[in-house]
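Undergrad: quick one, what's the 3D model for this:
(chains A, B, C and D)
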4 protein chains.
Amino acid sequence: MSPIDRLTSLFEKFPGIGPRQARRFVQYLLTSSPALRQDISEQIRSLGTQTAQCKKCYRWFTKESKSVLCPICGDEHREKSLLFVVEKDADIDNVERSNYKGLYFVLGGIIPLAAEEPEKHIRLRELLRCAEEARPAEIILGLSATTEGDHTREIIQEKLRLPAQTGGFSPKISSLGRGLSTGSELEYADPDTIEQAFGNRH
Amino acid sequence: MSPIDRLTSLFEKFPGIGPRQARRFVQYLLTSSPALRQDISEQIRSLGTQTAQCKKCYRWFTKESKSVLCPICGDEHREKSLLFVVEKDADIDNVERSNYKGLYFVLGGIIPLAAEEPEKHIRLRELLRCAEEARPAEIILGLSATTEGDHTREIIQEKLRLPAQTGGFSPKISSLGRGLSTGSELEYADPDTIEQAFGNRH
Amino acid sequence: MSPIDRLTSLFEKFPGIGPRQARRFVQYLLTSSPALRQDISEQIRSLGTQTAQCKKCYRWFTKESKSVLCPICGDEHREKSLLFVVEKDADIDNVERSNYKGLYFVLGGIIPLAAEEPEKHIRLRELLRCAEEARPAEIILGLSATTEGDHTREIIQEKLRLPAQTGGFSPKISSLGRGLSTGSELEYADPDTIEQAFGNRH
Amino acid sequence: MSPIDRLTSLFEKFPGIGPRQARRFVQYLLTSSPALRQDISEQIRSLGTQTAQCKKCYRWFTKESKSVLCPICGDEHREKSLLFVVEKDADIDNVERSNYKGLYFVLGGIIPLAAEEPEKHIRLRELLRCAEEARPAEIILGLSATTEGDHTREIIQEKLRLPAQTGGFSPKISSLGRGLSTGSELEYADPDTIEQAFGNRH
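TA: Reported below is the predicted structural model:
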């Protein structure tokens, strides 16, 4: 296949990109300067050598020193008693915009409802080991408010509550509050959200 | 003005209706049977004589007996210890889809941020009297999760907490829980919702 | 049924209105003044007595004099050599925003692809009689650029071209030009539109 | 800057890509296999060496032989009497989905309304030379139906009609037909499109 067609089909596999936009990407690159193409090409190649997955939270980060920990896990000023468990790296980026100051753990996926072997979909074993080693006072299960998120949360909760799984350590386990999200109106809230908001009234 | 133009301009004032849809409504009526037009005309007229505003919760209802109370306020099986305060009738329709079984009070509006006389925008005096008379164990302030909703909630809270305003009665006052609404993903939640969800974790 | 529920279900049959908006309409009327309700009720009722369908073009209009013709058909300054055939009244409102100055004829519908008796769906007989009487120099078939519009256009064209149908009169019959509509970009035009635009190049 | 941040900011410059999607692209690459990253990196680099811009129509193509012409310009079976002038490569991809069988010329841009030196925005000189050398029977100006497209079309038309500009050669110059695009309804057409459709009736 020609590089134009080949690259188009590679871009089509990018998240959220269809055939038309993939072709526009290639056109963009064709009319860009050789220096810019060289830069992009180089940066993509160096992802493999200059980035690493944090040994503690499993988030991807850029290797700047010889540290095997990402900047958050390596930051002494973060609140080490809190461990926020999320599905993916992008969730961390978003939570960092709030004023949370604790640590994270990236599950790397979510457990489908019909999954027979949950641990094939998320880093369950790694989470248990992380909990055992880090011994946070509280583990916050920051899964999305979806059916799969709830399913994943329940499976993790069950495992974390078995002392045998965490070397005898029993952390407090919490889940994010459910209710009206900022900006939403009562008239348009779904019944489940109203029930959660009612149950979590304060 | 002709009835076609007059009716078009009347429909334009309906909530959410623009000039084009207003004209389509008139076309729809023009090509409908005289019997249907007669029916609609009659029903609109009879709203004034066959409906009433509940003397207790201020919701509109159809007069079926001589009762001055709406079907919910008149229902002996509703939980009388809970009073759910909402902005408008449509909020009640929506909350009724959840499993809430208590009573309601309709404020009839929301207080704009810059309002100098809050009581001109909502039924504040009526709410205080309702609280004093009904003496519910708990008043749930079910305002929307918007800036104006928060503002209205704070003003009501303040008044309800002054015993002088409610004849010495001090009910428990609660607000709906904030957090991730059902179906929402952590990656796309706004910082304020994340902070609320974190603060309301359980 | 109560007037609130009855009116809600009547509004749900209005074009483009769902259950939620129908309820909002009723709320809007409930909280409106009795005078406004009276006005709307009256205007809807008077549609039957104060409006009429034009004897020539079949458009609905407000009766202001004893004329059986709508203001356009009765206007001596309109160009009588042009007859613009449209599906519905709203099309006339839109064409009037352009600088067209001729006459109209409203078909009152469109012929479904599988229709066995086309004349049951549109005013075909009336159009033929109108053509015979008015004898315009040109009949413009202003159907929508959809499959059903094309189908309707072909059936009308065929009939209009049979002299026996129009009392021996043979008008020029034309269709609206197809091509790029104002504001559309070549990159996103569909193949059919490109072919039409290419075929109609000038 | 780290390769993660650097690559994110490079992807943000891709057409239609914002910060969030740029980050998702980087995540996608981080969790892809080194072989896939290597492939993408290589294909981007080889765009510079394995692709070329056609010497005749200025479209980008993959060099497969030593030809300096793209596959369309080099195809002996295309209709050489027709030259379809478009703004960009993607327009050709779209026109090729119709049944057009002639040649193309890519302007490489569009002339902004306020441009003082039009030839700095499009390949005007190259088009004139192409017209002089290829001597097509007809040049179709396939600009978008936008204000800038019309502006560009008028400037090109003027130049192409000066014999001194094209070595004495006077081709027929045409523009794409305007009117209702396929699928559009008369009720929602804008006045300008209705006037174009009326003017181009047939």
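
Undergrad: average pLDDT for stretch A:129-141, rounded please.
TA: Taken as a whole, stretch A:129-141 has a mean pLDDT of 94.

Undergrad: relative to the whole chain's centre, how far out is that stretch?
TA: 17 Å (C-alpha atoms, centre = their mean, to the nearest Å).

Undergrad: cool, stretch A:172-191 as well?
TA: Put simply, stretch A:172-191 sits 21 Å off its chain's centre (C-alpha atoms, centre = their mean).

Undergrad: quote the end-to-end distance of that stretch.
TA: 29 Å (C-alpha to C-alpha, to the nearest Å).

Undergrad: ditto for stretch A:129-142
TA: 18 Å.

Undergrad: and the residue nearest the centre of chain A?
TA: Residue closest to the average C-alpha location in chain A (C-alpha atoms, centre = their mean): residue A:88, at 1.4 Å.

Undergrad: residues touching residue A:195, list them.
TA: B:98-100 (C-beta atoms under 8 Å, 6 or more residues apart in numbering or on different chains). (Each C-beta comes from the backbone N, C-alpha and C, glycine too.)

Undergrad: skipping its backbone neighbours, what lies nearest the residue nearest to the centre of chain A in space?
TA: residue A:106 (6.4 Å; C-beta to C-beta, 6 or more residues apart in numbering or on different chains).

Undergrad: tell me, how many residues neighbour the one you found?
TA: 25 (other C-beta atoms under 10 Å in any protein chain shown).

Undergrad: mean confidence for stretch A:86-93?
TA: The pLDDT scores in stretch A:86-93 average 94.

Undergrad: any chance you could list what contacts that stretch?
TA: Contacts for stretch A:86-93 (C-beta under 8 Å, 6+ apart): A:59-60, A:72, A:95, A:104-110, A:142-144, A:149, A:152, B:186-187, D:20, D:23-24, D:27, D:30.

Undergrad: need the longest strand for chain A.
TA: In chain A, taking DSSP state E as the definition, the longest strand is strand A:79-86.

Undergrad: any idea how many residues pack against the nearest residue to residue A:144 once chain neighbours are set aside?
TA: Nearest-residue entry for residue A:144: residue B:185, 4.2 Å, with adjacent residues in sequence omitted and distances by C-beta to C-beta, 6+ apart. Residue B:185 has 17 neighbours, counted by other C-beta under 10 Å.

Undergrad: correct me, but residue B:185 touches residue A:148?
TA: No. Contact criterion C-beta atoms under 8 Å: residue B:185 and residue A:148 do not qualify, at 10.4 Å.

Undergrad: secondary structure element for residue A:57?
TA: For residue A:57, there is no host helix or strand (DSSP states H and E).

Undergrad: does any bit of the longest helix seen in chain A sit next to chain D?
TA: Criterion DSSP state H: the longest helix present in chain A is helix A:34-50. Yes. Shown here: helix A:34-50 in contact with chain D (C-beta under 8 Å from any C-beta of the partner chain) through A:34, A:36-48, A:50.

Undergrad: quick one, strands of chain A?
TA: Going by DSSP E, chain A shows strands at A:51-53, A:60-62, A:79-86, A:102-106, A:138-141, A:172-175.

Undergrad: which of these sits most buried?
TA: Sort the strands of chain A by mean neighbour count, taking mean count of other C-beta atoms under 10 Å in any protein chain shown, and strand A:102-106 sits at the top with a mean of 23.

Undergrad: ok, residues contacting that strand?
TA: A:56-59, A:72-73, A:78-89, A:91-92, A:95, A:123, A:126-127, A:130, A:134, A:136, A:140.

Undergrad: domain parsing for chain A?
TA: Chain A breaks down into these structural domains: A:3-51, A:79-183+A:192-196 (assignment by automatic domain parsing).

Undergrad: nearest to residue C:156, out of those domains?
TA: domain A:3-51 (37.7 Å; C-beta to C-beta).

Undergrad: averaged pLDDT, the closest one. What do you get?
TA: 93.

Undergrad: that domain near chain B at all?
TA: No. Under the criterion of C-beta under 8 Å from any C-beta, chain B is not reached by domain A:3-51; the shortest gap measures 11.8 Å.

Undergrad: give me the distance between the two termini of that domain.
TA: 27 Å.

Undergrad: equivalent analysis for stretch A:162-173, please.
TA: Where stretch A:162-173 begins and where it ends lie 12 Å apart, using C-alpha to C-alpha.

Undergrad: centre of the chain to it, how far?
TA: 23 Å.

Undergrad: list the contacts of it.
TA: Outside stretch A:162-173, the residues touching it (C-beta under 8 Å, 6+ apart) are A:83, A:128, A:131-132, A:135-139, A:141, A:157, A:159-161.

Undergrad: distance of residue A:118 relative to chain C?
TA: Residue A:118 is 39 Å from chain C, where distance means C-beta to the nearest C-beta, to the nearest Å.

Undergrad: got it, and residue A:186?
TA: In terms of C-beta to the nearest C-beta, residue A:186 sits 13 Å off from chain C.

Undergrad: now that residue: closest residue in space that isn't a chain neighbour?
TA: residue B:91 (4.6 Å).

Undergrad: quick one: that neighbour from residue C:109, how far?
TA: Noted for residue B:91: a distance of 41 Å to residue C:109, by C-beta to C-beta, to the nearest Å.

Undergrad: which one of the two is surrounded by more residues?
TA: Taking neighbours as other C-beta under 10 Å, residue B:91 and residue C:109 compare with residue B:91 leading, 25 against 14.

Undergrad: what about the contacts of stretch A:162-173, which are in helices?
TA: A:128, A:131-132, A:157, A:159-160.

Undergrad: for those, which one is nearest chain B?
TA: residue A:157 (12.2 Å; C-beta to the nearest C-beta).

Undergrad: need the contact list for the closest one.
TA: Residues in contact with residue A:157 (C-beta under 8 Å, 6+ apart) are A:141, A:173.

Undergrad: circling back to that earlier point, save the strands of chain A as JSON lines, and put in distance to residue D:119 too.
TA: As requested, the strands of chain A are arranged in JSON lines below (distance: least, C-beta to C-beta, whole Å):
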{"stretch": "strand A:51-53", "distance to residue D:119": "46"}
{"stretch": "strand A:60-62", "distance to residue D:119": "45"}
{"stretch": "strand A:79-86", "distance to residue D:119": "54"}
{"stretch": "strand A:102-106", "distance to residue D:119": "54"}
{"stretch": "strand A:138-141", "distance to residue D:119": "62"}
{"stretch": "strand A:172-175", "distance to residue D:119": "64"}
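
Undergrad: I'd like to know how far residue A:112 sits from residue A:153.
TA: Residue A:112 is 14 Å from residue A:153, by C-beta to C-beta.

Undergrad: compare neighbour counts for the two and give me the winner.
TA: Taking neighbours as other C-beta under 10 Å, residue A:112 and residue A:153 compare with residue A:153 leading, 21 against 12.
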